[in-house]
Structures are given as C-alpha cells and as structure tokens.
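Asks: 3D, please:
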Amino acid sequence: MNASMLSYILLSCLLLSVQAEYCGVREIIRYTQRLLDDSSVSCPCRQTATSSCSCLPIPESGHELACFVDGTKHLMENTPSNPVITRLYWTFQALLDRSLCKRLAHGDQCQYETKGNVKEFLKKILTTYQEMEK
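Replies: Residues are numbered from 1 along each chain as shown. Here you go, the predicted structure:
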C-alpha cells in the first residue's frame, strides 16, 4: 500500500467519524435566527384555532428531533413557499432518518406536554442547538 492510498483511507475514516456526529448546529441556529427575525412567520397559538398555523409541539427532553421534524413540516405546509423553513425541515428529517446527531436522543415519535406558537417553537429549536454549541 503506498502513502497516498494510506492517507486517502485515513482521510475517509476521519470524514466518516465527523459525519457520524453531524448535528448541523451552526446551520440550524442561523436558519432559526433568520425565521425568528422574520415577523411574517408569527401567529398566535390557540388550542381550538382552526387557523393554518395553529400550535406547534414544544418537545419533551429526548424527543426534540422528532418534534422539530413534525413542527417544521407543519410550518412548511402552512407557510407559503418559505425556503428557510423547507431547508430546516429537510435538515431535521435527514438527521432523524440517518441518526446523524447522537446528542439528540432518537425517539421517532414526537412527545410533548405543551404546544406553543411559532416563535415559542423556534425558540425551543434555538435554545436546544445553542446548548449543543457550548
């Protein structure tokens, strides 16, 4: 085995180990912050509301990723073509499907005790990922 082959194998192993713990922290924080700054993505949460953007799940510990998928999917379906929401949804979906982020427990079902409006939901995403960044 020559030196270039060995370095290629080592680099491949390094990339795989990095990818195994990919959580997309900076990307998700950036997108979430952008949505929080965009006032058009806000509406009140009323449990009985039939409005297109009703209440979103505020996840229990260990169910964050599944709830982030559910919540962003709901937002994506009810917010006219917002590319930032779409990007967030697909990022969360990929993290969940591939179990890429070991720091977020992988319950496939979203479990929550409370629901919140869009801003509360986005703040939960933000605080969850800001804690991971530390």
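
Asks: correct me, but residue 31 touches residue 89?
Replies: No: counting by Cβ atoms under 8 Å, residue 31 does not reach residue 89; the two are 10.1 Å apart. Every C-beta, even on glycine, is put in place using the N, C-alpha and C of the backbone.

Asks: looking at this, residue 129 is in a helix?
Replies: Yes: when DSSP: H, G, I helix; E, B strand; the rest coil is applied, residue 129 is found to be in a helix.

Asks: For it, grab the count of nearby residues.
Replies: 24 (other Cβ atoms under 10 Å).

Asks: same deal with the one 5 residues further on?
Replies: The number of residues packed around residue 134, counting by other Cβ under 10 Å, is 4.

Asks: just the helices in the protein please.
Replies: 3-20, 25-37, 64-78, 83-98, 118-133 (DSSP state H).

Asks: in stretch 81-88, what counts as buried?
Replies: Neighbour counts over stretch 81-88 (16 or more other Cβ atoms under 10 Å) mark 82, 84, 85, 87, 88 as buried.

Asks: Flag the least confident of these.
Replies: Note: of the buried residues of stretch 81-88, the lowest pLDDT belongs to residue 82, at 89.

Asks: So the closest residue to that residue other than its chain neighbours versus residue 110, what's the distance?
Replies: Leaving aside its chain neighbours, residue 82 sits nearest to residue 41 (7.0 Å; criterion: Cβ to Cβ, 6 or more residues apart in numbering). Relative to residue 110, residue 41 is positioned 20 Å away (criterion: Cβ to Cβ, to the nearest Å).

Asks: Could you check how far residue 57 is from residue 92?
Replies: From residue 57 to residue 92 the distance is 13 Å (Cβ to Cβ).

Asks: between the two, which one's more packed in?
Replies: Per other Cβ under 10 Å, whichever of residue 57 and residue 92 has more neighbours is residue 92, with 25 against 22.
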